[in-house]
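S.K.: My questions are about this predicted structure, shown below with the sequence.
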Amino acid sequence: MDRLKSEFVATVSHELRTPMTAIKGYVDILTMGAAGPLNENQVHFLDVVRNNIERLNILVSDLLDISRIESGRIILEQQPVNLHDIAEEVVAETLRRSQTENKPIALSLESQRNLPLVIGDNGRVRQILSNLVNNAYNYTPENGTIRVNIHQDAERGEVQVDVEDNGIGIRPDDQARLFDRFFRGEHPLVLATPGTGLGLPIVRQLVEMHKGRIWMKSTGVPGEGSIFSFTLPVYKNGE
Ligand code: ADP
């Protein structure tokens, strides 16, 4: 039953993509004025349509991802991965986002010297980190701070990544449900942010497929923020 359900979700999400691409294409054409000049109202309405297509796109790609992961159809391409390099890219991308959206956020990245490589799928590791940093960005009001810290846990043979923010935090009651599919908080900043509640379940599955661990800490006091941490196994020569 589970496999059938996953296949159904995968097919439906895939089929939704085609009409959505067409809708977006025509909205772009209209916005460019190809069907005649637009007044301010019309431009605004087209913006609303475009934003909602974007939301649908995120939903569909998250649904596709989770159904692929759950039906075991994602195969990791494991190789030695440099976590610091990936984190640098993700931080740079988020800084660009903060500039485009005019939402100032201080972002910093600290890595331990001589950090060992980990074993993982480059694209998926990037997806994990990008998701956590984007959540930190989304759920931290402007002028907040995000810190990414990467360090080795030599005893466990792992590298640990902490993503810390000083945003709205997560209430103790909500913490147990955080990694459930479709769970979203009720804070006004969450309600104002487009999202599916599929990000963290996807991240957790991906971390576990890598034989890593993931957890979080938050006092639940707004302004005290949260820390999301995950680990990946250190790459050993000859693996
Ligand atoms: P989404 O971001 O699409 O809502 P996620 O699965 O990534 O989905 O996150 C689920 C919920 O967890 C969010 O709606 C939010 O309530 C909470 N959350 C996640 N990350 C943070 C964070 N860094 N600070 C505060 N709340 C968070």
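M.R.: Sure, I can see it.
S.K.: Angles on the backbone of the residue located most distally from the centre of the chain, please.
M.R.: Farthest-out residue of the chain from its mean C-alpha position, per C-alpha atoms, centre = their mean: G36, at 38.3 Å. For G36, the backbone dihedrals (degrees, to the nearest 10) come out as phi 110, psi 160.
S.K.: what's near enough to touch the spatially most central residue of the chain?
M.R.: With distances taken as C-alpha atoms, centre = their mean, the residue of the chain nearest its centroid is N131 (1.9 Å). When contacts are counted by C-beta atoms under 8 Å, 6 or more residues apart in numbering, N131 is found next to 199-200, 202-203. Just so you know, the C-beta spots here come from the backbone N, C-alpha and C atoms, and that holds for glycine as well.
S.K.: Also V9?
M.R.: Per C-beta under 8 Å, 6+ apart, neighbours of V9: 63-64, 66-67.
S.K.: let's see 10 Å
M.R.: Listed by C-beta atoms under 10 Å, 6 or more residues apart in numbering, the contact set of V9 reads 60, 63-64, 66-68, 70-71.
S.K.: Give the residue spans of this protein that score low on pLDDT.
M.R.: Within the chain, the segments meeting pLDDT under 70 span 238-239.
S.K.: Return the residues of it in contact with the ligand.
M.R.: 135-136, 139, 165, 167-170, 178, 183-185, 190, 195-200, 226 (C-beta under 6 Å from any ligand atom).
S.K.: V125 is in contact with T231, isn't it?
M.R.: No - with contact defined as C-beta atoms under 10 Å, V125 does not count as touching T231 (11.6 Å).
S.K.: Quick check on these two: which one has the bigger neighbour count.
M.R.: Using other C-beta atoms under 10 Å, the more surrounded residue of V125 and T231 is V125, with 26 against 21.
S.K.: from what I can see, the more buried one looks like it's in a helix, true?
M.R.: Yes - assessed by DSSP: H, G, I helix; E, B strand; the rest coil, V125 belongs to a helix.
S.K.: What is the neighbour count of I86?
M.R.: 22.
S.K.: Pull the number of nearby residues for N166.
M.R.: When neighbours are counted by other C-beta under 10 Å, N166 registers 19.
S.K.: in the protein, which spans are strands?
M.R.: For the chain, the strands defined by DSSP state E occupy 79-81, 105-111, 118-120, 144-153, 158-165, 214-218, 226-233.
S.K.: Next up, the contacts around I128.
M.R.: 86, 90, 120-121, 161, 202-207, 210, 212, 214, 228, 230, 232.
S.K.: Tell me the spacing between it and V90.
M.R.: Relative to V90, I128 is positioned 10 Å away (C-beta to C-beta, to the nearest Å).
S.K.: Could you list the domains of this protein?
M.R.: Residue ranges for the domains of the chain, per automatic domain parsing: 2-70, 79-233.
S.K.: deepest of those, which one?
M.R.: Scoring these by mean neighbour count under mean count of other C-beta atoms under 10 Å gives domain 79-233 as the most buried, with a mean of 17.
S.K.: so how far is I128 from the closest residue to S67 other than its chain neighbours?
M.R.: Nearest non-adjacent residue to S67, counting by C-beta to C-beta, 6 or more residues apart in numbering: V9, 4.0 Å away. In this view, V9 and I128 are 21 Å apart by C-beta to C-beta.
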